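K.L.:
this is a predicted model, with the sequence first.
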Amino acid sequence: MSEHRVIRVHLVAAGQYHDIDFARLELLKLLAEEPRIRVRVAADYRDLDAIRASDVLVTYTCNVIPSDAEQVALRDWVASGKRWFALHGTNSILEFLADGRVDAPERAPVFMQTLGTQFIAHPPIQPFRVHVTDPGHELVRGIEPFETDDELYLCRVHGDLHMLLHAEYSGPAAGFVEADWPDAERRPVYYINRVGAGEVVYLNLGHCRGHYDMQDLKIPYYPKIERGSWERPEYYELLRRGIRYCCATAPAV
């Protein structure tokens, strides 16, 4: 890559039940560490021309679901040889039911197949251990297993993922429609999903919530500020590496 070539990043940061402003600002700070990066910020996937003109897509969302046409366009964009750095709730569709449970309807199949997983549930936020699945990969080389206090995603897996980090969990996910997860298996935390000539790089850590982020659920003031893995130096190192990795495919002048 030319050292003078501008790298065009399209950042989608939007959604519900999270402190999106905090996450957006932290991601912009990290992207600003590379002076060649120029960022376009959006709240959804509608500007397909801007996405197609970008070298890298970065997303931190919750309940932001592209239309059918946008799903196909995103898949085709990745398949053309691009890299998408997807974070935390990008793969979430949440519906709060009248009985208080949370459903995760599977109604965006192209989107979820492109991402490689769909969020279904998580146990209560609590500390858990993150294990290194592929210690030889550049994205996690030298990262030691670490404890974090975050949402441990329990997902439906689509395709053959290249797992980089995982957690181990079996047990209940109270409050979700799919509340029973009895199988002791590795839960994807960080992985690569290859799509055609491109890749989705997905890191599902990074929950954050402020006092005013639950008003859609008629909770005017959420008492606890939650920062999850954003309080861990390992998370910032993973984010920096993910940004560098995804930008490395930007074509030279």
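P.N.:
Received, thanks.
K.L.:
residue 73: neighbouring residues, count only.
P.N.:
The local packing of residue 73 (other C-beta atoms under 10 Å) involves 18 other residues. (Each C-beta comes from the backbone N, C-alpha and C, glycine too.)
K.L.:
now for the helix or strand it falls within, which elements pack on it?
P.N.:
With elements taken from DSSP states H and E, the one containing residue 73 is helix 68-79. Applying 3 or more C-beta pairs under 8 Å, 6 or more residues apart in numbering; DSSP states H and E, one finds that helix 68-79 contacts helix 48-52, strand 83-87, helix 109-115, strand 180-195, strand 198-203.
K.L.:
flag every buried residue along it.
P.N.:
70, 71, 73, 74, 75, 76, 77, 78 (16 or more other C-beta atoms under 10 Å).
K.L.:
my guess is the second one contacts residue 115. True?
P.N.:
The one in question is residue 71. No. Between residue 71 and residue 115 there is no contact under C-beta atoms under 8 Å: 10.1 Å.
K.L.:
run through the bridge partners of residue 39.
P.N.:
residue 9 (DSSP bridges).
K.L.:
surely it and residue 11 touch.
P.N.:
Yes. At 5.4 Å, residue 39 counts as touching residue 11 under the criterion of C-beta under 8 Å.
K.L.:
mind listing the shared neighbours of those two?
P.N.:
Common neighbours of residue 39 and residue 11, counting by C-beta atoms under 8 Å, 6 or more residues apart in numbering, are 28, 31.
K.L.:
which of those two has more neighbours?
P.N.:
Legend: neighbour count by other C-beta under 10 Å for residue 39 and residue 11, higher for residue 11 (20 against 16).
K.L.:
identify the residue nearest residue 201 in space, chain neighbours excluded?
P.N.:
residue 85 (5.1 Å; C-beta to C-beta, 6 or more residues apart in numbering).
K.L.:
how about the one you found, what does it touch?
P.N.:
By C-beta under 8 Å, 6+ apart, residue 85 lies in contact with 56, 57, 58, 59, 201, 203, 242, 243, 245, 246.
K.L.:
now do it against residue 11, distance only.
P.N.:
Taking C-beta to C-beta, to the nearest Å as the measure, residue 85 falls 9 Å from residue 11.
K.L.:
kindly report the same for residue 88.
P.N.:
On the measure of C-beta to C-beta, residue 88 and residue 11 end up 14 Å apart.
K.L.:
can you check residue 117 too?
P.N.:
The gap separating residue 117 from residue 11 is 21 Å, by C-beta to C-beta.
K.L.:
go on, residue 173?
P.N.:
Taking C-beta to C-beta, one finds residue 173 at 30 Å from residue 11.
K.L.:
one step back: possible to save the buried residues of helix 68-79 as CSV with pLDDT and distance to residue 101?
P.N.:
Shown next, in CSV, are the buried residues of helix 68-79 (pLDDT from 0 to 100; distance: C-beta to C-beta, whole Å):
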residue, pLDDT, distance to residue 101
70, 98, 29
71, 98, 26
73, 98, 33
74, 98, 30
75, 98, 31
76, 98, 36
77, 98, 35
78, 98, 33
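K.L.:
of those, closest to residue 48?
P.N.:
Among the buried residues of helix 68-79, residue 73 lies closest to residue 48 (C-beta to C-beta), at 4.9 Å.
K.L.:
now the closest residue to that closest one other than its chain neighbours: how far from residue 230?
P.N.:
Nearest residue to residue 73, sequence neighbours excluded (C-beta to C-beta, 6+ apart): residue 48, at 4.9 Å. Going from residue 48 to residue 230 by C-beta to C-beta gives 30 Å.
K.L.:
the more surrounded of the two?
P.N.:
Each of residue 48 and residue 230 has its neighbours counted (other C-beta under 10 Å); residue 230 has more, 19 against 16.
K.L.:
roughly how far does the nearest residue to the more buried one once chain neighbours are set aside sit from residue 191?
P.N.:
Once flanking residues are discounted, residue 230 sits nearest to residue 208: 5.6 Å by C-beta to C-beta, 6+ apart. In this structure, residue 208 and residue 191 are 21 Å apart, going by C-beta to C-beta.
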